[in-house]
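Asks: Pasting the sequence and the predicted coordinates here, then a few questions.
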Amino acid sequence: MENFTSYENDVLKLLARGEKNAEIARTLCVSENTVKYHLKNIYQKLGAKNRSQALNLITEYHLI
């Protein structure tokens, strides 16, 4: 598994809290498209196909 950028780590933490894309965008003061871009990279690095699978892997790998 690849390392995450600091920004991806921020998104990862908020994702693990169950926040939606709009909430993550508001918290980080970016657009939802930026959040989606980082989520796509996170999913790719985790080998996940979707949000649910990513959350399971975050828990499994103790990333938070």
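Replies: Thanks, I have the structure now. Numbering: from 1, shown residues only.
Asks: if you go through the protein in chain order, where are the strands?
Replies: Here the chain has no strands by DSSP state E.
Asks: Show me the residue sitting in the middle of it in space.
Replies: residue 12 (3.6 Å; C-alpha atoms, centre = their mean).
Asks: From residue 47, how far out is that one?
Replies: Taking C-beta to C-beta, to the nearest Å as the criterion, residue 12 is separated from residue 47 by 14 Å. C-beta: built from backbone N, CA, C; applies to glycine.
Asks: Report the distance from stretch 33-42 to the chain centre.
Replies: 7 Å (C-alpha atoms, centre = their mean, to the nearest Å).
Asks: What residues sit buried inside it?
Replies: Within stretch 33-42, the residues that count as buried by 16 or more other C-beta atoms under 10 Å are 34, 35, 38, 39, 41, 42.
Asks: now stretch 53-64: mean pLDDT?
Replies: For stretch 53-64, the mean pLDDT works out to 90.
Asks: for the residue of the chain positioned farthest from its centre, phi and psi?
Replies: Within the chain, the residue lying farthest from the chain centre (C-alpha atoms, centre = their mean) is residue 29, at 15.4 Å. Per-residue torsions, residue 29: phi 60, psi 50 (degrees, to the nearest 10).
Asks: for it, what are its contacts?
Replies: Not one residue lies near residue 29 by C-beta atoms under 8 Å, 6 or more residues apart in numbering.
Asks: gap between it and residue 20?
Replies: 16 Å.
Asks: picking that back up, show me the two of the buried residues of stretch 33-42 that sit farthest apart.
Replies: Distance extremes for the buried residues of stretch 33-42: the farthest pair is 34 and 42 at 12.7 Å, using C-beta to C-beta.
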